[in-house]
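Engineer: Sequence and predicted model, in that order:
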Amino acid sequence: METILSPHSFCPLLNPKTPSSKTILSPPLQPRSNSQCLTKPICSNLKIESSKPIKQSFPIPTSWFSHARHGLAALALSLALNFCPILPSSSALASEFDVLNDGPPKESYVIDDAGVLSRVTKSDLKRLLSDLESRKNFHVNFITVRKLTSKADAFEYADQVLERWYPSVEEGNNKGIVVLVTSQKEGAVTGGPEFVKAVGDTILDATVSENLPVLATEEKYNEALYSSAKRLVAAIDGLPDPGGPSFQENKRESNFKSREETDEKRGQFTLVVGGLLVIAFVVPMAQYYAYVSKK
C-alpha cells in the first residue's frame, strides 16, 4: 500500500497547520491535471532533480585552424611577458631624493645613482680621494644622477646636497660635492669655505666648463669624473693644473657642387644622352636598311 503525501506537508505556505498569529484561509484548491502537476512546481522550496547528471561540456577545437589560433595566442602571450618593458618604480624616478635622504657614503666617496661608472673608476676615485683626505683633511664626494626634477640645474642640486648632508658650517667647511647629471650633460662643483679657498675659483670654473660638460657630451662619464678629481686634487696640493680636455669642433665640408662643376657635369650628361639617342634611332634604321637590301 503506497502512502501519498500531500503537497501541504512540504510547503509551509500551503500547510494550514503552520503556527501563526493569524489564520489565513485560502480558497479551495482547484483540481489539476497530471501534466500540470508534473510541469509546474507547487513550492519554491521544492527542487526537481533530474535522474541523470547534467554534464557541462566545452567546445573542443578539432580543426587545424582552431589549433593554430590557440598556438598563436599562447605564443603572443609568451612574447609579451618576455619582451614587455618593465616600468620604472617610484624609487627609480625619485633617485635624487634618495641621494639627499641617504646621506654621504660611509665606505666610498662615490654615489653612482646613474649607473655610468665602471668598477675601475670607482676604485681609482676612492684611492685618490682617500689619499687626499688623509694628507689634507679634505673630503670630496662625487655623485651621478640621471635627471633632476626638483631643481633647475646641477648647481642648485649640489648646494642642496651640501646643506642636507652637512647642515652646519663647521661640518661642511672642508667638504666638497661634485655632481654630474647624465641626461642634461652638465655638472657642478660646490663645497665649504675652506674647500673653495683651497681649490680656487679658476679651477672650479674650469672644471665645470671643461671637464664635466665636454666629456659628458661624448658620454665619457668615467673620464669626466676622474679627470675632474685629478684637477681638484692638484689644485689643493698646489701642483700645476693638468688642464681639461680640448673641445674639438668638427668642421663639416659642404657636399654641394659648385656652379662650374655643375655646368661641366651638365655638358657631359648632354653629350651622353645625345649619343644614346642617336644610337637608338640609327642602329634600328641601319639594320632595317640592310635587311631590305638583301631581298
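Structural biologist: In hand now; what should we look at?

Engineer: For the stretch 51-200 of the chain, which segments are assigned as strands?
Structural biologist: Assigned by DSSP state E, counting those that start in this stretch, the stretch 51-200 of the chain shows strands spanning 110-112, 139-145, 175-181, 186-191.

Engineer: quick one, which of the ones you listed is packed in tightest?
Structural biologist: Counting by mean count of other C-beta atoms under 10 Å, strand 175-181 has the highest mean neighbour count of the strands of the stretch 51-200 of the chain, with a mean of 26. (Each C-beta comes from the backbone N, C-alpha and C, glycine too.)

Engineer: Mind putting the strands of the stretch 51-200 of the chain into a markdown table with mean pLDDT?
Structural biologist: A markdown table is the format used below for these (pLDDT from 0 to 100):
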| stretch | mean pLDDT |
| --- | --- |
| strand 110-112 | 95 |
| strand 139-145 | 96 |
| strand 175-181 | 95 |
| strand 186-191 | 95 |
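
Engineer: Now that we have those, can you turn them into JSON lines and tack on distance to V282?
Structural biologist: Output for these, formatted as JSON lines (distance: least, C-beta to C-beta, whole Å):
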{"stretch": "strand 110-112", "distance to V282": "77"}
{"stretch": "strand 139-145", "distance to V282": "75"}
{"stretch": "strand 175-181", "distance to V282": "73"}
{"stretch": "strand 186-191", "distance to V282": "71"}
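
Engineer: Nearest to G244, out of those strands?
Structural biologist: Across the strands of the stretch 51-200 of the chain, G244 has its closest neighbour in strand 186-191 (11.9 Å, C-beta to C-beta).

Engineer: Helix or strand with the lowest mean pLDDT in this protein?
Structural biologist: Using mean pLDDT, DSSP states H and E, the weakest-scoring helix or strand in the chain turns out to be helix 90-93, at a mean of 38.

Engineer: still on that earlier bit, the strands of the stretch 51-200 of the chain: which one's closest to I279?
Structural biologist: Here strand 186-191 is closest among these (C-beta to C-beta), at 65.2 Å.

Engineer: Parallel or antiparallel, list what pairs with that closest one.
Structural biologist: strand 175-181 (antiparallel) (DSSP bridges).

Engineer: how near is T182 to V116?
Structural biologist: Per C-beta to C-beta, to the nearest Å, T182 is found 6 Å from V116.

Engineer: between the strands of the stretch 51-200 of the chain, which gets nearest to Y289?
Structural biologist: strand 186-191 (80.3 Å).

Engineer: Compare the strands of the stretch 51-200 of the chain and give me the one nearest Q268.
Structural biologist: Nearest to Q268, of all those, is strand 186-191, at 52.5 Å by C-beta to C-beta.

Engineer: I am finished for the moment; much appreciated.
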